[in-house]
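K.L.:
My questions concern the predicted model and sequence given below.
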Amino acid sequence: DGGITQSPKYLFRKEGQNVTLSCEQNLNHDAMYWYRQDPGQGLRLIYYSQIVNDFQKGDIAEGYSVSREKKESFPLTVTSAQKNPTAFYLCASSPTGYTGELFFGEGSRLTVL
Amino acid sequence: EDKVVQSPLSLVVHEGDTVTLNCSYEVTNFRSLLWYKQEKKAPTFLFMLTSSGIEKKSGRLSSILDKKELFSILNITATQTGDSAIYLCAVIQGAQKLVFGQGTRLTINP
């Protein structure tokens, strides 16, 4: 089945450690996105990529890094520079130029102890 | 600065009530507005609105966009406990970037 797979679903890390969240899609979509959601809040854009080997910062990119070496993969690294990394992270994709809905993964919940 | 503002942030009603959720926006190069429902994890798509004044309807849910006043509303009639969720409004602007509102947490009590 076509879709977006995020892993891991739950992740616990100690302060000061970098963690990488995986996002893979087999929808053949050009554009991919990472959002962060804090309890009781909406989604805030971290990074997005509209084409392989290119990506742009969103509204809250500080302390995060991404890569887009393959069309189907857009991993997010939460670095130790991110001051408050505990959150729910959602990956999404869409075909470029299509002003329709985003397709979301099931999310990854990161807890930093 | 581009922004999308939803109100109320939280709403508690009884089953059978009708609710109206609001979304106002100020973004450059507006393309369309989306509504999502988020129950536990991934948001699920409800509506996409591009033109003013044309109501989109799906069962007990309906939505409309006013591009002159820069807002949209989402109506839910005869609410059920299964409607309890966070409702997210998002605006697509320019180069396919989505800007989300804070969400409205709707709780339907039996």
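P.N.:
Good, I have the coordinates.

K.L.:
Low-confidence ranges, the chain, go.
P.N.:
Answering for chain A, as no chain was given. In the predicted model of chain A, residues A:1-2, A:97-99 satisfy pLDDT under 70.

K.L.:
I was thinking of chain B, sorry if that wasn't clear
P.N.:
For chain B, the ranges with pLDDT under 70 are B:95-96.

K.L.:
For it, which residues are neighbours of chain A?
P.N.:
B:4, B:6, B:9-10, B:31-32, B:34, B:41-43, B:45, B:48, B:50, B:88, B:90, B:92, B:95-103, B:105 (Cβ under 8 Å from any Cβ of the partner chain). Glycine gets a C-beta too; all of them are placed from N, C-alpha and C.

K.L.:
for the helix or strand containing B:Gln6, packing partners?
P.N.:
If you go by DSSP states H and E, B:Gln6 is part of strand B:3-7. Here strand B:3-7 touches strand B:19-26, strand B:85-93, strand B:97-100, going by 3 or more Cβ pairs under 8 Å, 6 or more residues apart in numbering or on different chains; DSSP states H and E.

K.L.:
For it, list every residue counted as buried.
P.N.:
Of the residues in strand B:3-7, B:Val4, B:Gln6 count as buried by neighbour count, 16 or more other Cβ atoms under 10 Å in any protein chain shown.

K.L.:
and that strand, which strands flank it?
P.N.:
Partners of strand B:3-7 in the sheet, by DSSP bridges, are strand B:19-26 (antiparallel).

K.L.:
Give me the buried positions along the partner strand.
P.N.:
B:Val19, B:Leu21, B:Cys23, B:Ser24, B:Tyr25.

K.L.:
Now the first one: closest residue in space that isn't a chain neighbour?
P.N.:
This points to B:Val19. Residue nearest to B:Val19 in three dimensions, not counting chain neighbours: B:Ile76, with 5.1 Å by Cβ to Cβ, 6 or more residues apart in numbering or on different chains.

K.L.:
How many neighbouring residues does that neighbour have?
P.N.:
Using other Cβ atoms under 10 Å in any protein chain shown, the number of residues around B:Ile76 comes to 22.

K.L.:
Also A:Ser67?
P.N.:
15.

K.L.:
No more questions from me, cheers.
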